[in-house]
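Undergrad: any chance you could fold what I've pasted below:
(2 chains)
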Amino acid sequence: MGISHRISRRKFLGTSAAAATALTFPLPAFAQAAARVVVIGGGFGGASCARALKQIDPKLQVTLVEPNKTFTACPFSNNVIAGLRSIEEQQFGYDKIAAGGVTVVAQAATGVDNAARTVTLADGTSLGYDRLVLSPGVDLRFDVLQGYDEAAAAKMPHAWKAGEQTLLLRKQLEAMDDGGVVVISAPANPFRCPPGPYERACLIAHYLKTKKPRSKLLILDAKDTFSKQRLFQNAWKELYPGMVEWVSLSQGGKVNAVDPATNTLITDFGNHTAKVANVIPPQRAGRIATSAGATDNTGWCAIDPVTFESKSAPNIHVIGDACLAGAMPKSAFSANSQAKVCAAAIATLLSGGTPTAPKLINTCYSLAAPGYGISVAGVYQPKNGVLADVEGAGGVSPADVPREFRAREADYAQSWFATITAEVFG
Amino acid sequence: MASALINVPAKAKRGDIIEIKTLMSHIMETGYRHTATGEVVPRDIITSFTCRFNGTEIFRADLFPAIAANPFITFFTTATQSGKFEFEWIGDKGFSETASASITVE
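TA: Residues are numbered from 1 along each chain as shown, chains lettered A, B, ... in the order given. Just a heads-up that it's a prediction; the model follows:
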C-alpha cells in the first residue's frame, strides 16, 4: 500500500523540485544581447525545455523548432488503437508556448553546424545559437529488419509514433475477422517506452476479447525480460486467459525479417503469418542528432548526466528519448524531468555558474484494461558519469492487490496525462 | 526446463550450402560471480555442442564461461544426401540435451 499514492505525488514533486532548483541560480545579467537558445523538437522534452528556459530567465531568446503544428502524444495512444479513446484527445498545439514568449518556428531543422553555432531550416534560412537543445525523439530504423522499410510500415504498422500509424493499426484491427491472429514484434533495448509493447498487447487483447473473442495475440520479442513483466504476465493470465502468448528471445522470438506481401514475420526458427502485424522496429536518435555530431556508434546520444550536454558536441544538449540517460527509461515523464534539469543547467552555464548534480524522477503508468492500471517509478541521480537509480526509491505496483487498487492506479494514470500535458502545452 | 530450438531446411539440392541454426536455453553461470554474502556461485555452463549427420560428427564446439546465456550456434554445411542431423549439448551438473531433424536432398 502506498506506492501509488507516493507516485501520484511525485509528478508534482518533479515539477516543484526542478522549479525550486532553478530559482536558486543567479539570473544572467547580460550587458550584450540576450543569450540565444534553440530547441529542436516540440515533444514532451523540447516543449518542456523551451518553456522552462523562458520561465527561469525571461530575457533568454528561446526558439522552438518543430515542423508539426499539432503534437500527437504517444502516452495513452494504445487506448486509441484499442478504440477506447479518440486521437484528438492526444493532440496539442503550440499557441500557449508561443504566448509565453517562446518563438515557435514551424519548420524542420535540416542540419546543425556546431562550429558556426547555426541550425539550418528546411526553407534554407538559419538560426544562430549560444546553446542548442536537441529533443528529436526517435527515428525508426528501416535498415535492420530485412524487408521492413517505410513502404512495409504502411502494411505492417509500427504505430510507434502517434498519429496516422496509430489510426492505421486501429483500422486493421477493426477490419479483422473474428479468429484472426494479431502479432506484435517487440525490439531489443533500448527503445522508446519500454512497457509500451506490453500495454499495447493488453489493450488489443481487451478489444479482441470484447469484439472478436476467438482471436489470438502473439508477441514475438527480441528480449528475455521486460518492464513490469510480472504484472503484465499476471494481467494476461487474469484478464485474457488463453488469448495472449509471449515468445521470448530464448524461445526464438526475435524477428529478423518480414514479408509485407504475406504479412509474415520471420525468426531464426520459424515463420509467423499474421492477420494484423504490428512491427515495432529497433530505433535510434532522431536524424538531426547525427547531423549535429551528437550520436555515437549506438545511434544514441551520450550525455553528461548533470547538464545533458553532449559528450561529443560541446554546447549541444540532448534530452528525451534520443539521449542515453543511464537507468532512466525513454518516456514522456523522463523527457519532461530531463527538460527541466537541462533548462536550469543551461541558464546556469550561460550566467557563468556551475550546475549542481540533479535528481530526476520518472513514472510510467500502463493500462492492462480500462480501469486496471499498473506503474513503475524511479528516482535517478548522476553516479560515476551516468544517471543511476537511487537505491530504495521508486518501485513497481504490488503484485497481489484488490482490483480497487488497480482502478485507482488507472485514475492516477489519467490524472498524470492531464497534468503533464497541461504543464507542457496548456 | 531446458529446451532446444533448431532450424534445418527440410529440403535442399545436392551440393547446396545450407545454414543450420540452434538455440539452447541455459543460464551459462560463469562461476566467477559471488552472492551478497560472498559465496561463489558455482559454475554451470554447457561445455560441448556436437552435431552428427547420419552418425558422423560434422560440427563440434567447446563452450566456455564467457559465452552468454542461451547459446545460439549457427553453422553451414553442404547437403550431400538425405538423412538425419542429431544435436547434443553437454554441460556441468550432468546437463545433457538432444534434438534431431531430417533433411531430404534431391
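
Undergrad: apart from its chain neighbours, what residue comes closest to the residue in chain B that chain A sits nearest to?
TA: At 4.0 Å from chain A, B:Asn70 is the closest residue in chain B, using CB to the nearest CB. Using the backbone N, CA and C atoms, a C-beta is placed for each residue, glycine as well. In space, and not counting its chain neighbours, B:Asn70 is closest to A:Ser250: 4.0 Å by CB to CB, 6 or more residues apart in numbering or on different chains.

Undergrad: just checking, that neighbour touches A:Asp224?
TA: Yes: assessed by CB atoms under 8 Å, A:Ser250 is found in contact with A:Asp224 at 5.3 Å.

Undergrad: so between the two, which is more surrounded?
TA: A:Ser250 (20 against 14; other CB atoms under 10 Å in any protein chain shown).

Undergrad: SS state for the more buried one?
TA: Following DSSP: H, G, I helix; E, B strand; the rest coil, A:Ser250 is assigned to helix.

Undergrad: list the contacts of it.
TA: Applying CB atoms under 8 Å, 6 or more residues apart in numbering or on different chains to A:Ser250 gives the contacts A:224, B:23, B:25, B:69-70.

Undergrad: go again with 6 Å.
TA: For A:Ser250, the contact set (CB atoms under 6 Å, 6 or more residues apart in numbering or on different chains) comprises A:224, B:25, B:70.

Undergrad: swap in A:Gly128?
TA: A:117-118.

Undergrad: that one bridge partners, please.
TA: Per DSSP bridges, the residues bridged to A:Gly128 are A:Thr118.

Undergrad: tell me the contacts of residue 102?
TA: In the absence of a named chain, this looks at chain A. Going by CB under 6 Å, 6+ apart, A:Val102 touches A:50, A:54, A:62, A:64.

Undergrad: meant chain B actually
TA: B:Ser102 makes contact with B:Lys84 under the criterion CB under 6 Å, 6+ apart.

Undergrad: what about it, which SS state?
TA: strand.

Undergrad: ok, what's across the strand from it?
TA: B:Ser102 forms beta bridges with B:Lys84, as assigned by DSSP bridges.

Undergrad: what do you get for A:Glu309?
TA: Note on A:Glu309: beta-bridge partners A:His317, judged by DSSP bridges.

Undergrad: that one - how many residues pack around it?
TA: Applying other CB under 10 Å, we find 22 other residues in the vicinity of A:Glu309.

Undergrad: before we move on, what about A:Lys171?
TA: By other CB under 10 Å, the residues close to A:Lys171 number 13.

Undergrad: which of the residues in the helix or strand containing it are buried?
TA: Assigned by DSSP states H and E, A:Lys171 belongs to helix A:164-175. Neighbour-count burial for helix A:164-175 flags A:165-170, A:172-173 (criterion: 16 or more other CB atoms under 10 Å in any protein chain shown).

Undergrad: which SSE is immediately downstream of that helix?
TA: strand A:181-186.

Undergrad: residues in contact with that next one?
TA: The contact list for strand A:181-186, computed with CB under 6 Å, 6+ apart, reads A:197, A:201, A:204, A:216-221, A:255, A:265, A:272, A:274-280.

Undergrad: helices of the stretch 1-150 of chain A, start to end?
TA: Assigned by DSSP state H, counting those that start in this stretch, the stretch 1-150 of chain A shows helices spanning A:3-24, A:44-56, A:77-81, A:95-99, A:150-153.

Undergrad: lowest average pLDDT across those?
TA: Per-segment mean pLDDT for those reaches its minimum on helix A:3-24, at a mean of 46.

Undergrad: what residue in chain B is the furthest from its centre?
TA: Centroid-distance maximum for chain B: B:Thr37 at 34.2 Å, with CA atoms, centre = their mean.

Undergrad: picking up where we left off before, tell me what the helix holding A:Lys171 is packed against?
TA: helix A:77-81, strand A:276-279 (3 or more CB pairs under 6 Å, 6 or more residues apart in numbering or on different chains; DSSP states H and E).

Undergrad: nearest to A:Gly378, out of the ones you listed?
TA: With CB to CB, the closest approach to A:Gly378 among those belongs to helix A:77-81: 21.2 Å.

Undergrad: any buried residues in stretch A:242-254, and which?
TA: Buried residues in stretch A:242-254, counted by 16+ other CB under 10 Å: A:243-244, A:246-254.

Undergrad: now the host helix or strand of B:Ile58: average pLDDT?
TA: Using DSSP H and E, the element containing B:Ile58 is strand B:56-62. Averaged across strand B:56-62, pLDDT comes to 97.

Undergrad: list the contacts of the closest residue to A:Gly45 other than its chain neighbours.
TA: Spatial nearest neighbour of A:Gly45, chain neighbours left out: A:Gly320 (3.0 Å); criterion: CB to CB, 6+ apart. By CB under 6 Å, 6+ apart, A:Gly320 lies in contact with A:45, A:135, A:335.

Undergrad: the residue most central in space within chain A and B:Asp16: what is the separation?
TA: What sits nearest the mean C-alpha location of chain A, by CA atoms, centre = their mean, is A:Ser331, with 3.7 Å. For A:Ser331, the distance to B:Asp16 (CB to CB, to the nearest Å) stands at 48 Å.

Undergrad: what's the closest non-adjacent residue to the residue nearest in space to the middle of chain B?
TA: Centroid-nearest residue in chain B: B:Phe49, 4.6 Å away (criterion: CA atoms, centre = their mean). Once flanking residues are discounted, B:Phe49 sits nearest to B:Ala61: 4.6 Å by CB to CB, 6+ apart.

Undergrad: what is the burial count for the one you found?
TA: 16.

Undergrad: in terms of contact, does it touch B:Ser48 like I think?
TA: No: counting by CB atoms under 6 Å, B:Ala61 does not reach B:Ser48; the two are 7.2 Å apart.

Undergrad: ok and the residue in the stretch 301-426 of chain A nearest chain B?
TA: Taking CB to the nearest CB, the stretch 301-426 of chain A has A:Glu391 as its residue nearest chain B, at 13.5 Å.

Undergrad: that residue: what secondary structure?
TA: Under three-state DSSP, A:Glu391 comes out as coil.

Undergrad: the longest strand in chain A is where?
TA: In chain A, taking DSSP state E as the definition, the longest strand is strand A:372-383.
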